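> Whatever this is, show me its structure:
(2 chains)
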Protein chains: 2
Amino acid sequence: MTYYAEPIIRLIREFSRLPGVGEKTASRFAFYVLNANREYAQNLAKSLVDVKEKIMLCSSCHSLSDKNPCAICSDNFRRDDVICVVEDVKDMVAIEKMGGFKGKYHILHGALSPLKGIGPDDIKLNGLLDRAWQGVIKEIILATNSDIDGEATALYITRLLKPTGIRITRIATGIPVGSDLEYIDGATLVRAMEGRREM
Amino acid sequence: MTYYAEPIIRLIREFSRLPGVGEKTASRFAFYVLNANREYAQNLAKSLVDVKEKIMLCSSCHSLSDKNPCAICSDNFRRDDVICVVEDVKDMVAIEKMGGFKGKYHILHGALSPLKGIGPDDIKLNGLLDRAWQGVIKEIILATNSDIDGEATALYITRLLKPTGIRITRIATGIPVGSDLEYIDGATLVRAMEGRREM
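The predicted structure follows:
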């Protein structure tokens, strides 16, 4: 890398801090920028600065937005009485893409993880409790991931919200649609059997 | 993607123009930037603008450099009489990393390719001819790639430079060091046999 000119080295170094990007890929990006027109570099540079300047956390649901409250929280056509709790913004986007959900969200920005030393104070929980006590919410859907941390977080929130008397639900675990039983892991099969329904 | 706030969408769009980066990876990059400190976004933005403003082509060898002539061309400890011709800057860097070569370079920024419509006017050839006629150069090493385009380019340059009387050499093709004959493709084996030497 030291054989490149200083500004190229710096750009490669900055690119290689991106997740999953090593020195080789970072050089490829740098040379793409070098060969692209000046406008592209300027646009990317501007977008980078913009995103840090304009994006903030919605004070209600903690989503990332350029407005506060965010577009979803201030959407009067959405139901105020159903809140879907997710670990991060990408999970919220996955549910939005799905379409059917017309309630609002709460984004935790993480999950409880004793192993990683992430406790209740490290994720955005308190706002949820405040909202729950306001008396508007009738159901809270826990849509944290179905891994250990996500399950632990769902359990913790359930206990935390029990006193409010609000209906608390958990999205179903089971075999994904279109999958072949042969290739499903045991843990998922056990959950799918436990969660069986009458036909 | 439309579920994100506008500045995030713009950043994802710019990132996804990088080579090999789709929308998923671009979102990952964007969220990394969102979670990173403000300094990182600013440094990457500055590097992007810098690289377009400060990097130019060396007027002698056509390398990308922040000086003109570049560090290698203006290095008095390097030999002026041996020129290594490569397709692009990354190839030059590969040879520099190897270490042994103490001559100078000429970067073509491409290879002739009738199929892709790249002719002699589309790559940086003329500078090389000028340098060759100046009478200083004693050997020109053609280190273009060993694919069809690279070979065609080497052949073309050889014919072009014949009248100068300069010694023109081509880097060897053969089996790579440490490789097992069993896994070498036929074309390489043929070349390796043709290029055999006395022990």
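> Give the rounded mean pLDDT of stretch A:155-165.
Mean per-residue pLDDT for stretch A:155-165: 93.
> distance between that stretch and the chain's centre?
Chain-centre distance of stretch A:155-165: 21 Å, with C-alpha atoms, centre = their mean, to the nearest Å.
> Would you mind writing the CA trace of that stretch as CSV?
Presented in CSV, the C-alpha positions along stretch A:155-165 are these (Å, rounded to 0.1, in the frame of the first residue of the first chain):
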residue,chain,number,x,y,z
LEU,A,155,-38.4,-12.3,28.1
TYR,A,156,-37.0,-9.3,29.9
ILE,A,157,-39.4,-6.8,28.3
THR,A,158,-42.4,-9.2,29.0
ARG,A,159,-41.6,-9.1,32.7
LEU,A,160,-41.0,-5.4,32.6
LEU,A,161,-44.3,-4.6,31.0
LYS,A,162,-46.4,-7.2,32.9
PRO,A,163,-47.6,-4.6,35.4
THR,A,164,-49.1,-2.4,32.7
GLY,A,165,-51.6,-5.1,31.8
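> From B:Met193, how far out is the residue positioned nearest the centre of chain A?
With distances taken as C-alpha atoms, centre = their mean, A:Asp88 lies nearest the centre of chain A, 1.8 Å away. A:Asp88 sits 58 Å away from B:Met193, going by C-beta to C-beta, to the nearest Å. For the C-beta atoms, the positions are set from N, CA and C on the backbone; glycine is no exception.
> My reading is that A:Ile83 lies in a helix. Confirm?
No - counting by DSSP: H, G, I helix; E, B strand; the rest coil, A:Ile83 falls outside a helix, being strand.
> Walking through chain A, point out its helices one by one.
Assignment of helices within chain A using DSSP state H yields the ranges A:6-15, A:23-35, A:38-54, A:89-98, A:126-133, A:148-161, A:186-194.
> Same list, those, but as TSV with mean neighbour count please.
Formatted as TSV, the helices of chain A follow (neighbours: other C-beta atoms under 10 Å in any protein chain shown):
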stretch	mean neighbour count
helix A:6-15	22
helix A:23-35	18
helix A:38-54	18
helix A:89-98	16
helix A:126-133	16
helix A:148-161	18
helix A:186-194	12
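> right, so of the ones you listed, which gets closest to B:Ser59?
helix A:23-35 (17.0 Å; C-beta to C-beta).
> Can you list the neighbours in contact with that closest one?
With C-beta atoms under 8 Å, 6 or more residues apart in numbering or on different chains as the test, helix A:23-35 has contacts from A:1, A:8, A:11-13, A:15-16, A:18, A:21, A:40-41, A:44, B:18-20, B:48, B:51-52, B:55, B:64, B:89-90.
> do stretch A:67-85 as well
With contact meaning C-beta under 8 Å, 6+ apart, stretch A:67-85 is reached by A:56-61, A:63-65, A:92, A:95, A:101-106, A:108, A:128, A:131, A:136-144, A:157, B:5.
> Quick check: buried residues in that stretch?
Across stretch A:67-85, burial judged by 16 or more other C-beta atoms under 10 Å in any protein chain shown covers A:Cys70, A:Ile72, A:Cys73, A:Val82, A:Ile83, A:Cys84, A:Val85.
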